[in-house]
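A.B. asks: Predicted model and sequence below, questions to follow.
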Amino acid sequence: MTGKEAVVAGATGLVGNAALRHYRQCARKRVLLRCRID
């Protein structure tokens, strides 16, 4: 794994975690149709 690949993997992980938190918040509020991840 090169340095660039490591950076990309780290960034992808952060985005994935943020998306999961966003999805869980939306699931609690039951407004999934309004919550779209760009």
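C.D. replies: Sure thing, it's come through.
A.B. asks: what secondary structure does the residue nearest the centre of the chain sit in?
C.D. replies: With distances taken as Cα atoms, centre = their mean, the chain has residue 19 as the residue nearest its mean C-alpha position (2.4 Å). Reducing the assignment at residue 19 to three states with DSSP: H, G, I helix; E, B strand; the rest coil gives helix.
A.B. asks: For residue 10, grab the count of nearby residues.
C.D. replies: Residue neighbour count, defined by other Cβ atoms under 10 Å, stands at 10 for residue 10. Any C-beta I mention is one placed from the backbone N, CA and C, and that applies to glycine too.
A.B. asks: Against residue 2, how distant is residue 21?
C.D. replies: Here residue 21 is placed at a distance of 29 Å from residue 2 (Cβ to Cβ, to the nearest Å).
A.B. asks: Among these two, which residue is more densely surrounded?
C.D. replies: For residue 21 and residue 2, the more surrounded residue by other Cβ under 10 Å is residue 21, and the numbers stand at 10 against 7.
A.B. asks: Now do that one against residue 10, distance only.
C.D. replies: Using Cβ to Cβ, we find residue 21 at a distance of 17 Å from residue 10.
A.B. asks: again, but for residue 23
C.D. replies: Between residue 23 and residue 10 the distance, using Cβ to Cβ, works out to 21 Å.
A.B. asks: what do you get for residue 19?
C.D. replies: If you measure residue 19 against residue 10 using Cβ to Cβ, the figure is 15 Å.
A.B. asks: what's the answer for residue 3, then?
C.D. replies: 11 Å.
A.B. asks: cool, and residue 16?
C.D. replies: Taking Cβ to Cβ as the measure, residue 16 and residue 10 are separated by 11 Å.
A.B. asks: ditto for residue 28
C.D. replies: Noted for residue 28: a distance of 28 Å to residue 10, by Cβ to Cβ.
A.B. asks: now swap in residue 25 and tell me
C.D. replies: Per Cβ to Cβ, residue 25 is found 23 Å from residue 10.
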